[in-house]
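Undergrad: could you work out the structure for the sequence below:
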Amino acid sequence: MERKLRIADCGLRNLKENSFHASWSFLGARRVITRRPFKLPALTGLILMVLLVTSQFGQAGTLRFEPAGLERTLFSNRFQTLTISGSAPEGAQVVVKIVSPPKAFNLNKSGKGLGFIWLPISHAEIKKLPGMYALLSSGKLSGMLSPEQQKTNGLSPDYQEIYQKAEIHFKSPPKEEEAASLKKEYIAGLIKILEQGGLYQVQEEAVQLSGVQFTARIKHPADAPLGEYQVFCYAVKEGKTDLLAQDKFQVKQIGLAEWLTHQAGSNAVIYGILAALIAVAAGLLVGMVFKKGGGH
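TA: Numbering: from 1, shown residues only. Below is the predicted model:
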């Protein structure tokens with residue numbers, strides 16, 4: 001009994017001497033639990049580290065869009081301007097990649113038939129290809145990354161990423177030895193068409209840098225796909241590429257354009273009649289404008 005009291009008394013003295021220790025006895029055995037005080041210097045160091053990283057990279061993982069999304073009406077301009085801005089490490093180059101939802105394309109290859117008439121000689125469908133694709137950089141991509149690095153990171157100005165991801169299905173399967181070259185020929189032809197319409201863009205030295213801030217502006221064509229666009233922002237420094245941020249924005253139709261699109265899918269007859277009436281009205285309006293101009 002005296003031994004137990006001495007143990008308990010020892011525990012009480014320990015408790016008084018150090019508020020972070022406690023002791024007790026259980027069946028004559030003594031156990032001690034120690035609660036170590038939280039080290040304030042470690043917490044301070046962690047906070048300073050976070051502040052340092054934040055000051056260097058800005059708000060990591062975020063991009064700013066102006067406007068926040070694109071809205072398309074029946075009478076929208078052919079191009080709308082979208083501004084993308086954010087923060088990047090000081091001294092780094094910036095590359096912004098914009099990818100639209102995928103789309104399927106049907107293509108015909110023409111050739112001479114009967115010796116002198118140009119006719120479709122082959123047909124193919126290309127899938128898993130973005131309807132719009134854009135690369136914007138603060139400098140020459142060739143000066144930032146080697147061709148192999150461009151290909152690895154999906155930042156090739158010659159659209160290597162597109163060639164790799166595209167799926168092509170020929171109506172009449174070509175010979176095995178011709179399939180690869182024919183696939184490349186079809187995709188190259190499609191990319192050329194999309195570039196002419198502003199749907200595929202490579203704009204080097206188009207991203208403006210100011211300290212740790214960057215700004216990129218892109219012209220978004222009116223015939224680009226609707227839906228959710230993915231935006232990837234990369235920092236390139238000394239041949240190393242880091243993904244700074246990944247974000248998205250929406251492109252949608254509003255007003256009469258949205259209603260007509262809905263009718264096209266749900267009621268083709270009404271849509272056809274309305275489309276014809278709108279075309280006639282537009283023709284009359286243009287005629288009146290030119291007639292009035294000729295009168296002067």
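
Undergrad: beta partners for the residue sitting nearest the centre point of the chain?
TA: With distances taken as Cα atoms, centre = their mean, Val231 lies nearest the centre of the chain, 1.9 Å away. As for beta bridges, Val231 partners with Ile98, Asp247 under DSSP bridges.

Undergrad: again, but for the one 4 residues further on
TA: In this entry, Ala235 is beta-bridged to Val94, Asp242, by DSSP bridges.

Undergrad: in this model Gly91 seems to touch it, though I could be wrong.
TA: No: under the criterion of Cβ atoms under 8 Å, Ala235 is not in contact with Gly91, lying 9.6 Å apart. The C-beta positions use only the backbone N, C-alpha and C, and glycine is treated the same way.

Undergrad: give me the number of residues near Leu145?
TA: Neighbour count for Leu145, taken as other Cβ atoms under 10 Å: 23.

Undergrad: what pLDDT is listed against it?
TA: pLDDT recorded at Leu145 is 96.

Undergrad: which residues does it contact?
TA: With contacts defined as Cβ atoms under 8 Å, 6 or more residues apart in numbering, Leu145 is in contact with 153, 155, 236, 239, 241.

Undergrad: so who does the third one touch?
TA: Okay, so that is Val236. 92-95, 144-145, 242.

Undergrad: follow-up on the earlier one: Ala235 and Gly91 - which one has more neighbours?
TA: More crowded of Ala235 and Gly91, by other Cβ under 10 Å: Ala235, with 21 against 10.

Undergrad: now the more buried one: how far from Glu205?
TA: With distances taken as Cβ to Cβ, to the nearest Å, Ala235 is found 16 Å from Glu205.

Undergrad: before we move on, which element is Lys183 in?
TA: Using DSSP states H and E, Lys183 sits within helix 176-196.

Undergrad: state the mean pLDDT of that helix.
TA: For helix 176-196, the mean pLDDT works out to 93.

Undergrad: chain center to that helix: distance?
TA: In terms of Cα atoms, centre = their mean, to the nearest Å, the centre of helix 176-196 is set 24 Å apart from its chain centre.

Undergrad: now the helices: where do they sit in this structure?
TA: Under the criterion DSSP state H, the chain contains helices at 2-17, 40-57, 141-144, 147-153, 160-165, 176-196, 255-266, 268-295.

Undergrad: helices and strands around the last one, which ones?
TA: Right, the one you point to is helix 268-295. Applying 3 or more Cβ pairs under 8 Å, 6 or more residues apart in numbering; DSSP states H and E, one finds that helix 268-295 contacts helix 255-266.

Undergrad: I'd like the average pLDDT over the helix it packs on.
TA: Mean predicted lDDT for helix 255-266 stands at 63.

Undergrad: returning to what we had before: just the contacts of Leu145: which has the poorest pLDDT?
TA: Minimum pLDDT across the contacts of Leu145 falls on Gly239, with 90.

Undergrad: ok, that one touching Gln149?
TA: Yes: counting by Cβ under 8 Å, Gln149 is a contact partner of Gly239 at 6.7 Å.

Undergrad: which one's more surrounded, the two?
TA: Gln149 (16 against 9).

Undergrad: wait, what's in contact with the more buried one?
TA: 155, 239, 241.

Undergrad: check it and give its pLDDT.
TA: So, for Gln149, pLDDT stands at 95.

Undergrad: from Ser142, how far off is it?
TA: Between Gln149 and Ser142 the computed distance is 11 Å (Cβ to Cβ).

Undergrad: low pLDDT regions in the stretch 51-200 of the chain?
TA: Scanning the stretch 51-200 of the chain with the threshold set as pLDDT under 70 gives 51-61, 113-116.

Undergrad: CSV for the contacts of Leu145, including distance to Phe105?
TA: Shown next, in CSV, are the contacts of Leu145 (distance: Cβ to Cβ, whole Å):
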residue, distance to Phe105
Asn153, 25
Leu155, 23
Val236, 31
Gly239, 35
Thr241, 30
